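S.K.: What shape does this take:
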Amino acid sequence: MKVFLIVFVALQLLFIAGAQQTSETCGEVLTATDGGIIYKPFENVQPNERCVWVIRAPNATGYSLDLVFMGYQNDSTETNVVATCLMNHLWTNTHGALNHTGTFDYNICNVVVITFYTSSNVSNSTGFILQYTQVASTVLDPVSSASTDIFISEPLGNVPHGLNATDGVNPSHEISTFVFVPANNTRDARKETNLVVINHGMLSIPNWPGRPDCHDYLEVSYFNISAPTQVKYQLQKRFCLESILEFQNNDLILLNFRSAFGTTFQGLQLVHTEREISNECIN
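M.R.: The predicted structure is shown next:
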């Protein structure tokens, strides 16, 4: 059985090697129209891993994700891959657990965030192989090429965004992501990220249908391994009006910023520190 598995995985690796872009390292952005993630298929994963990738193919309005190999039990709630889809003009994100081999179609999705996680109990689990293909169509409002994806693992820093926008005008239809990940992609429950978001000005339109008070907005979500599999990223706040907000989490933090159409935008800053937390606060 082990020999068969090795041959099977080797064949999958040969197949996926023909894709335009592949990644074997956490924290990478894939921009090709088709590609894949090859993460530890022959190597045991470690406890409390947190590995995140962003897939943003040009002009994609959807993705076909094919999980061709998974080295862990398909009923596991402790080791899994989740996909988070971000779509222009949509007020809510789509979350899905890639909890079996096969194809997962996300037909309304400009950008997809892939997160692999493990708990403290990994047994003899190994990683996974994922292939993706963009679903492209002619869209009236393509995502801005000025969109960015940033992974932050430093314990202290200040991440500016949009402070140098030309004449204070932000690119139309931006979807940018910011992911706070633990050092070495391993969660330490004793360490907490403290984040202060300073909003220098976003466009707000009172009573905008479906988007109360926000035309541009920043969305903040916490990763929670104890949450239901489909919604590991739990929304904490979606805002545009507040000037300063504070957030704390001892796991991943995912932010995404979206703009409407060339709106007045004075930028924002993400000021972050890391601190040790007491045992009674650890979850």
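S.K.: drop to CA atoms for contacts and neighbour counts, all remaining ones
M.R.: OK.
S.K.: so is H215 in a helix, a strand, or just coil?
M.R.: coil (DSSP: H, G, I helix; E, B strand; the rest coil).
S.K.: ah, wrong one, I meant T273
M.R.: Counting by three-state DSSP, the backbone at T273 sits in strand.
S.K.: isn't it right up against V197?
M.R.: No: counting by Cα atoms under 8 Å, T273 stays clear of V197, with 12.0 Å between them.
S.K.: Quick one: the helices in the stretch 1-150 of the chain, in order.
M.R.: When secondary structure is read from DSSP state H, counting those that start in this stretch, the stretch 1-150 of the chain shows helices at 2-16.
S.K.: Show me where it has its strands.
M.R.: For the stretch 1-150 of the chain, strands defined by DSSP state E, counting those that start in this stretch occupy the ranges 21-23, 29-30, 34-44, 50-55, 60-70, 79-86, 94-97, 102-106, 111-118, 126-136, 149-152.
S.K.: Tell me which of the ones you listed lies nearest to S278.
M.R.: Closest of the strands of the stretch 1-150 of the chain to S278 is strand 50-55, at 21.8 Å (criterion: Cα to Cα).
S.K.: Residue ranges in the stretch 51-200 of the chain under the pLDDT threshold?
M.R.: Along the stretch 51-200 of the chain, the model assigns pLDDT under 70 to residues 74-76, 137-141, 164-171.
S.K.: 50 - rerun?
M.R.: Regions of the stretch 51-200 of the chain meeting the criterion pLDDT under 50 cover residues 167-169.
S.K.: for the strands of the stretch 1-150 of the chain, which one sits closest to L268?
M.R.: Closest to L268 of the strands of the stretch 1-150 of the chain is strand 149-152 (Cα to Cα; 14.1 Å).
S.K.: what lines up beside that closest one in the sheet?
M.R.: Here strand 149-152 is paired, per DSSP bridges, with strand 175-180 (parallel).
S.K.: about what we covered before: who has more neighbours out of T273 and V197?
M.R.: V197 (21 against 15; other Cα atoms under 10 Å).
S.K.: Check for me that that one belongs to a helix.
M.R.: No: secondary structure assignment places V197 outside any helix; it is strand (three-state DSSP).
S.K.: Find the residues that touch each one of T273 and V197.
M.R.: Residues touching both T273 and V197 (Cα atoms under 8 Å, 6 or more residues apart in numbering): there are none.
S.K.: Format the strands of the stretch 1-150 of the chain as CSV; extra columns: mean neighbour count and distance to H173.
M.R.: As requested, the strands of the stretch 1-150 of the chain are exported to CSV (neighbours: other Cα atoms under 10 Å; distance: least, Cα to Cα, whole Å):
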stretch, mean neighbour count, distance to H173
strand 21-23, 19, 25
strand 29-30, 21, 19
strand 34-44, 19, 23
strand 50-55, 23, 17
strand 60-70, 22, 13
strand 79-86, 24, 12
strand 94-97, 18, 18
strand 102-106, 16, 20
strand 111-118, 23, 12
strand 126-136, 22, 17
strand 149-152, 18, 15
